[in-house]
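1. What follows is a predicted structure for the sequence shown.
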Amino acid sequence: MKMTIDMPLVSQCEVSECTYNTDSQCHARAITIGDGESPHCDTLFCNSSHIQQTSIRAGVGACKVGNCNFNEDMQCSAEKIHVGMDGDSVMCMTYSGA
């Protein structure tokens with residue numbers, strides 16, 4: 001049985017070394033953003049191989065950044081997000097602090 005859940009899509013991911021990234025698109029089933037403080041991508045997994053199943057587009061399954069304007073009950077309410085680099089950290093670039 002498969003469930004269908006509406007989640008904001010990861011519209012772009014600039015982190016080419018992540019195993020879920022193929023052609024600047026995230027292909028994890030869902031990602032988690034944050035650790036309570038920082039809006040980093042908690043799903044990041046750096047590996048030399050990349051996921052082969054590219055028909056799946058990642059959604060935001062959970063957001064643990066309580067002070068983000070898009071956080072509603074620990075779920076992301078943005079239409080879509082962009083993941084990229086901020087210095088040495090992989091971050092949700094759509095984050096908007098309250």
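-> That came through fine.

2. Just give me the residue right at the centre of this structure.
-> What sits nearest the mean C-alpha location of the chain, by Cα atoms, centre = their mean, is I31, with 4.5 Å.

3. quick one: contacts for the closest residue in space to that one that isn't next to it in sequence?
-> Leaving aside its sequence neighbours, I31 sits nearest to T43 (Cβ to Cβ, 6 or more residues apart in numbering; 3.9 Å). Yep, even glycine has a C-beta here, placed from its N, CA and C like the rest. By Cβ atoms under 8 Å, 6 or more residues apart in numbering, the residues touching T43 are 20, 28, 30-32.

4. V65 too?
-> Counted by Cβ under 8 Å, 6+ apart, V65 has contacts 33-34, 36-39, 71, 92, 95.

5. Which member of those residues is positioned nearest Q12?
-> C92 (11.4 Å; Cβ to Cβ).

6. hang on, the earlier thing: which of the contacts of T43 fall within strands?
-> 30-32 (DSSP state E).

7. Could you export these as JSON lines, including pLDDT?
-> Below are the ones in strands among the contacts of T43 laid out as JSON lines (pLDDT from 0 to 100):
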{"residue": "A30", "pLDDT": "95"}
{"residue": "I31", "pLDDT": "97"}
{"residue": "T32", "pLDDT": "97"}
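
8. what number of residues lie near the residue lying closest to C46 once chain neighbours are set aside?
-> Residue nearest to C46 in three dimensions, not counting chain neighbours: E17, with 4.9 Å by Cβ to Cβ, 6+ apart. A count of neighbours around E17, defined by other Cβ atoms under 10 Å, yields 12.

9. try I56
-> Using other Cβ under 10 Å: I56 sits among 14 other residues.

10. ok now do it, which residues does it touch?
-> Contacts of I56 by Cβ under 8 Å, 6+ apart are 27-29.

11. can we see that at 6 Å?
-> Contact analysis of I56 by Cβ atoms under 6 Å, 6 or more residues apart in numbering lists 27, 29.

12. I'd like to know how far it sits from G97.
-> Using Cβ to Cβ, to the nearest Å, I56 is found at 30 Å from G97.

13. Would you agree C68 is in contact with T94?
-> No - with contact defined as Cβ atoms under 6 Å, C68 does not count as touching T94 (8.6 Å).

14. Much appreciated, bye for now.
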